[in-house]
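[1] what follows is a protein structure lacking sequence information:
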C-alpha cells in the first residue's frame, strides 16, 4: 500500500490517493483505491492503534519474501543490458562535468549555465543533457585551454541523439503532471505515443544507444499498462470518443464496459430514468397554413387611401406620388 499527496496550483486544493500493489502471476500490478481531497489544516500525523499485532508479526515473513521477489524480479527483468552501460556512464560523466564547472570558475566563463541533475527528479537528467549540448562548443574550448578535456562527455552527436530519444518521455511527464487542467483522458494517448516512439526511433550514432532503445522496446510496454479507468476517461472525452489509439476489435469491449459502469453508477445514485418517448418532428413547411395565409391576405387587401376620400384628395395623392 502506498500513498501519494499533492496540491494543485489553481485553487491550492490538497489531494491524497491510496494505491494497492499486488502480483498477478509474474506481473506486478497497481490498483488505485481512492483519491480524495485532503484537509491540510488538521493534524498531519495520525496514530493507528490495533490489537492484532500478532497477525502482523505472522504476516511479516511472507511480506518480506514477496517484496524481495518483486524487487528481484524487477531488477532482473528491467536491468540495463551490458551493451547499453555506456549510456549510463554518459549520464555520470555529464554529472561530473557540471560538478567540476561549479567547483571551479569554468561556470563563470559560459554564456549559459549548466543545469545539475536531481536524484529524485528524472526530468533534470534531460535538462542537464540539454544544457551541456547547447554549450558543448564553448565547453570544449574552455576545457582544451585548461588541459581538462577528459571532463568532456561526448561526442556531441551522441548527446543530441540521446536527448532526442528522451524528449518525448519528459514531454509526457510534464503534460500528465498538470495542475490546472484534467489529464486523465490523456494517459492512454501518451502511453501509446511513447510505445510508438520506442518502436520507431532510429539510432545512427552509437551501438550503446541502439541497445538502450531496444531495451526500451521491452520495458515501455511492460511498465505502461492502460488500465480500465484510462479507457473510460478517453471514451468520455468528446474529442477522443472514437478511441483513436485502440484497435477496432478492442473498441466494442471498451464501449460495453463504459455502458456497464454508467448503468451501475445510475443505479447507485438512484437517478430516475424515464422511458424514451418518440416525438413526431413537425415539418418546417406546411402547405395548408400557407394557403390560409394567402386567402386571408387577398381578402384584406385595400388601398392606402380610404374609400370615403374625395376624388380631389385621391388625385392630389397620386400627384404627390408622381412628384416623388
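    All right, it came through fine. Being a predicted model, the structure only gives us computed values, none of them experimental.
[2] thought residue 83 was touching residue 207, still the case?
    Yes - contact criterion C-beta atoms under 8 Å: residue 207 and residue 83 qualify, at 6.7 Å. (Each C-beta comes from the backbone N, C-alpha and C, glycine too.)
[3] neighbour count for these two, which is higher?
    residue 83 (15 against 11; other C-beta atoms under 10 Å).
[4] mind checking which helix or strand residue 30 is in?
    strand 27-37 (DSSP states H and E).
[5] and that strand, what does it pack onto?
    strand 14-24, helix 53-77 (3 or more C-beta pairs under 8 Å, 6 or more residues apart in numbering; DSSP states H and E).
[6] try 7 Å this time
    strand 14-24 (3 or more C-beta pairs under 7 Å, 6 or more residues apart in numbering; DSSP states H and E).
[7] the strand it packs on: partners in the sheet, and parallel or antiparallel?
    Strand 14-24 sits in its sheet next to strand 2-7 (antiparallel), strand 27-37 (antiparallel), going by DSSP bridges.
[8] show me the contact partners of stretch 254-264.
    228, 231-232, 235, 243, 246 (C-beta atoms under 7 Å, 6 or more residues apart in numbering).
[9] show me what counts as buried in it.
    For stretch 254-264, the neighbour count (16 or more other C-beta atoms under 10 Å) marks 254, 258 as buried.
[10] so how far is that stretch from its chain's centroid?
    From the chain centre to the centre of stretch 254-264 is a distance of 23 Å (C-alpha atoms, centre = their mean, to the nearest Å).
[11] what distance do you get for residue 175 to residue 255?
    Separation of residue 175 from residue 255 (C-beta to C-beta, to the nearest Å): 26 Å.
[12] of the contacts of stretch 254-264, which is the nearest to residue 38?
    Of all the contacts of stretch 254-264, residue 232 has the smallest distance to residue 38: 24.1 Å, by C-beta to C-beta.
[13] and the closest one, what does it touch?
    258, 261.
[14] just residue 116 next, same as before
    Residue 116 sits next to 98, 128 when contact means C-beta under 7 Å, 6+ apart.
[15] ok but it is inside a strand, no?
    No - going by DSSP: H, G, I helix; E, B strand; the rest coil, the assignment for residue 116 is coil, not a strand.
[16] confidence score at it?
    With respect to pLDDT, residue 116 scores 90.
[17] in the sheet, who's paired with the closest residue to residue 33 other than its chain neighbours?
    Closest residue to residue 33 apart from its sequence neighbours, by C-beta to C-beta, 6 or more residues apart in numbering: residue 18 at 4.6 Å. Under the criterion DSSP bridges, residue 18 forms beta bridges with residue 3, residue 34.
[18] state the distance from residue 29 to residue 20.
    9 Å.
[19] before we move on, what about residue 133?
    41 Å.
[20] assign the residue nearest to residue 157 when sequence neighbours are not counted to helix, strand or coil.
    Nearest residue to residue 157, sequence neighbours excluded (C-beta to C-beta, 6+ apart): residue 205, at 5.0 Å. Following three-state DSSP, the label given to residue 205 is coil.
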